[in-house]
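# Give the three-dimensional model of this entry:
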Amino acid sequence: MSDPASRAVVLRLRAVSKTYHIATPQEHEVLHGIDLQLASGELAALVGPSGSGKSTLLNLIGLLDTPTSGELYLLEHPTRSMDDAARTRLRNEAIGFVFQFHHLIPAFSVLENVLMPLILRHGKPGADDIEQAQSLLADVGLAGFGAKKPSQISGGEQQRVAIARALVTRPALLLADEPTGNLDTQSADRIFELFQQVNSRFQCAVLVVTHDNSLAARCSRILNLVDGRFQSSVSASDRP
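You can find the predicted model right below:
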């Protein structure tokens, strides 16, 4: 794998802070001057105790919220002053999301669930869209599962469908919020191996929020967030 410094920057945060209830007695700064950079092909883990600001940071990176101060660049686009329409457009084009709970639509088939981001973007999927979705299902080990309903497959298989859905738009950044938190140890291990494969094959930047230290240790970088500040950022080459 090439040095991250030599690869394209996907995400850059400069002195990003987030404060809630501004100018009230309940004013509370959750994030304090966060600096962060992720390059294409990086696989980073975001760890930290409950209440450290991980969810707030993930919402900002996912363009679901805006910083109070500082700037967040996605594919070199400054996003803080974007209007909602521009932010939504960039989020849909550049970011894929995988959550602890897969949020598949029960009434739709596995293939239709994978196609959903493309359906929402431009309506009825074309032949190329369907071929791409089927190819992704094969990539995650679910070739031939397209006609099944979510209720007909296991929890680990449902999470694989969610990963294929997140990748169908070919995002530059994949955000995963506790993606293995609802799975048994063996299924969690397989899902994490899939993230490593996705990261290597598609060269998207991947940021995984996890409480599982053993999984975090397999990432190329561990970002430790404590009380709204990065206590450490340790790359694989720096770990014993």
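# Give me the most central residue, the protein.
Taking Cα atoms, centre = their mean, the centroid of the chain lies closest to Leu175, which sits 0.5 Å from it.
# Which element, helix or strand, includes it?
Element membership of Leu175, judged by DSSP states H and E, is strand 173-177.
# same question, Gly51
Using DSSP H and E, Gly51 sits in no helix or strand.
# Quick check: pLDDT value at it.
pLDDT for Gly51: 87.
# again with Glu193
Here, the pLDDT recorded for Glu193 equals 83.
# Check Ser232 too.
For Ser232, the pLDDT comes out at 69.
# Repeat that for Gln134.
93.
# burial count for it?
A count of neighbours around Gln134, defined by other Cβ atoms under 10 Å, yields 19. Every C-beta, even on glycine, is put in place using the N, C-alpha and C of the backbone.
# any idea how far the residue nearest to it when sequence neighbours are not counted lies from Asn113?
Spatial nearest neighbour of Gln134, excluding adjacent residues (Cβ to Cβ, 6 or more residues apart in numbering): Gly146 at 6.2 Å. Using Cβ to Cβ, to the nearest Å, Gly146 is found at 10 Å from Asn113.
# what's the answer for His211, then?
27 Å.
# got it, and Gly41?
For Gly41 relative to Asn113 (Cβ to Cβ), the value is 27 Å.
# more crowded one of those two?
Per other Cβ under 10 Å, whichever of Gly41 and Asn113 has more neighbours is Asn113, with 26 against 20.
# In contact with the more buried one, which residues?
Leu104, Ile105, Pro150, Val161, Arg165 (Cβ atoms under 8 Å, 6 or more residues apart in numbering).
# Val30 too?
Applying Cβ under 8 Å, 6+ apart, one finds that Val30 lies in contact with Lys18, Thr19, Tyr20, Gly53, Thr56, Gly228.
# Can you classify it by secondary structure?
Put simply, Val30 is strand when judged by DSSP: H, G, I helix; E, B strand; the rest coil.
# for this protein, what spans make up the strands?
Taking DSSP state E as the test, the strands found in the chain are 9-20, 28-39, 43-47, 69-74, 77-78, 95-99, 173-177, 205-209, 221-226, 229-235.
# how far out from the middle of the chain is the lengthiest helix in the chain?
Secondary structure of the chain per DSSP state H: the longest helix is helix 185-202. Distance of helix 185-202 from its chain centroid, counting by Cα atoms, centre = their mean, to the nearest Å, is 13 Å.
# could you give the angle of it to strand 173-177?
Relative orientation of helix 185-202 and strand 173-177, computed by axes from the mean of the first three to the mean of the last three Cα atoms, to 10 degrees: 170 degrees.
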